[in-house]
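1. Predicted model and sequence follow; I will ask about them next.
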Amino acid sequence: MELRLLILEAELFFFIYSVISFVLYLVAFPFLILFSFKTKYRNSIPARFFLWNNKPLKANGIWFHSCSFGEAKAIKPLVDVLPRDILRMSTTTQTGFEAINAYTEESRYLPFEPLLFSWLKPQKALVVMEAEFWYLLFALAKGRGAKTLLINARMSDRSFPKYQKIEWLYRHIFKHIDEVYAQTAKDKERLESLGAQNVVVTGNIKLSKLPAPTKELEKPSGLLLCGASTHEGEESLILEAFLALREEEKEAKLILAPRHPERFDKIAKMVVIFAKEHELSMQRYSQNESMQSDIILLDVLGELVNVYAISDIVILGGAFKPIGGHNAAEAAQFGCKIISGKHYFNQKDIFDAVEGIAVVEASNLSRRVLQYGLLKPTKIKSKSDITPIIESLKSVL
């Protein structure tokens, strides 16, 4: 009797959730049309919400879903051990799509949930990266025969209280997830409190195999400062810090790498004005790869790891504003001196695994850069073991 009630409860929740998601879709429809004209969303919104040029993935593969460019790159160690013909990929962002499309032509934007009913084909396994908790994605994939995995799962100090407030929703989601691979023991404990089962701690997958340089760049003379993965408001902080550094190090150069491609042109205009005001030279890397100017705007994707390999100091963006930070290990593998802001809450486990990162207030960035001689070269203290994930995936082949 109790089992029957649980089944009825699950079926009722599935029905209500599906109806609500469809209603929300109808309400949002006109707004989605307007947003689809924005450069940032001109590919993702038509594909995700109108299925424009977004046919279903082929059936009977291993389907990876990741959101951002960084997450999509992080699954490469798993992708590399699987046959290419069974790979299926999806994402929700334009930068993520550019990354997954390099793995296989079977790469798509993930449709909004109510559209999954007609779009989703049976797969051998669904592997979802980090915090993409889409109820219908898991429920429909599992219902159509897929083994469902949540990998690199995390619950930050900042986000966990928010998850707890809607614990009832996550308990329904975790009913459709077969295996969970958590980053830390604390993540495991928090995930289990929300209903996760079969939770294994593997460490952060982003540490299992860091991206290697794709080519060897010639290091320019003088001290090389890299402002990496920057967000709105951070470029101006870094430019001011670089200006202070130039007063002491006349040959110092700055490579500035905004996180999102849609901001490249905007930042280029900012740097042109800044360079002219302070009698500095600048160039866009996409137009000239020589790195002879005082400021180089890295306006291409996939080159940042090559730049890390020759950088002396890395100012890691995404943490001087409350964004959550970025993967410090990618620069730490080269022993770079790293400066970060204090808002790295989404990368806490990676920061804990890297020794030597200097964390500063945004207002103190210039002073810390001037004290670069006191900074320590960073090194990675621990890595992760993704063997359990690989074995689980190979079991369905």
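-> That came through fine. Numbering: from 1, shown residues only.

2. all strands of the stretch 151-300 of the chain, in order?
-> For the stretch 151-300 of the chain, strands defined by DSSP state E, counting those that start in this stretch occupy the ranges 179-182, 199-201, 224-230, 253-258, 282-284, 295-297.

3. I'd like these as JSON lines, with distance to N152, mean neighbour count and mean pLDDT appended.
-> C-beta: built from backbone N, CA, C; applies to glycine. JSON lines is the format used below for the strands of the stretch 151-300 of the chain (distance: least, CB to CB, whole Å; neighbours: other CB atoms under 10 Å; pLDDT from 0 to 100):
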{"stretch": "strand 179-182", "distance to N152": "7", "mean neighbour count": "23", "mean pLDDT": "97"}
{"stretch": "strand 199-201", "distance to N152": "11", "mean neighbour count": "18", "mean pLDDT": "97"}
{"stretch": "strand 224-230", "distance to N152": "18", "mean neighbour count": "25", "mean pLDDT": "98"}
{"stretch": "strand 253-258", "distance to N152": "23", "mean neighbour count": "25", "mean pLDDT": "98"}
{"stretch": "strand 282-284", "distance to N152": "34", "mean neighbour count": "19", "mean pLDDT": "97"}
{"stretch": "strand 295-297", "distance to N152": "31", "mean neighbour count": "25", "mean pLDDT": "98"}
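
4. how about CSV for the ones you listed, with distance to S66 added?
-> CSV is the format used below for the strands of the stretch 151-300 of the chain (distance: least, CB to CB, whole Å):
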stretch, distance to S66
strand 179-182, 14
strand 199-201, 19
strand 224-230, 17
strand 253-258, 21
strand 282-284, 29
strand 295-297, 27
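
5. nearest to E355, of those?
-> strand 224-230 (18.6 Å; CB to CB).

6. what packs against the closest one?
-> For strand 224-230, the packing partners by 3 or more CB pairs under 8 Å, 6 or more residues apart in numbering; DSSP states H and E come out as helix 234-248, strand 253-258, helix 304-308, strand 313-316.

7. Enumerate every residue touching the residue nearest to K219 when sequence neighbours are not counted.
-> Of all residues not flanking K219 in the chain, I310 sits nearest, at 4.1 Å (CB to CB, 6 or more residues apart in numbering). Applying CB atoms under 8 Å, 6 or more residues apart in numbering, we find I310 in contact with L217, E218, K219, L224.

8. L237 too?
-> By CB under 8 Å, 6+ apart, the neighbours of L237 are F320, A362, L365.

9. Which of these ranks first by neighbour count?
-> Neighbour tally across these (other CB atoms under 10 Å): the maximum, 26 neighbours, falls on F320.

10. what about that residue, which SS state?
-> Recorded secondary structure, F320: coil (DSSP: H, G, I helix; E, B strand; the rest coil).

11. The one 4 residues further on now?
-> Taken by three-state DSSP, the conformation at G324 corresponds to coil.

12. And it, how far from L191?
-> Distance of G324 to L191, computed by CB to CB, to the nearest Å: 18 Å.

13. And those two? Which one has more around it.
-> L191 (24 against 17).

14. show me what contacts the residue lying closest to K379 once chain neighbours are set aside?
-> Of all residues not flanking K379 in the chain, E355 sits nearest, at 5.3 Å (CB to CB, 6+ apart). Contacts for E355 (CB under 8 Å, 6+ apart) come out as K376, T378, K379, I380, K381.
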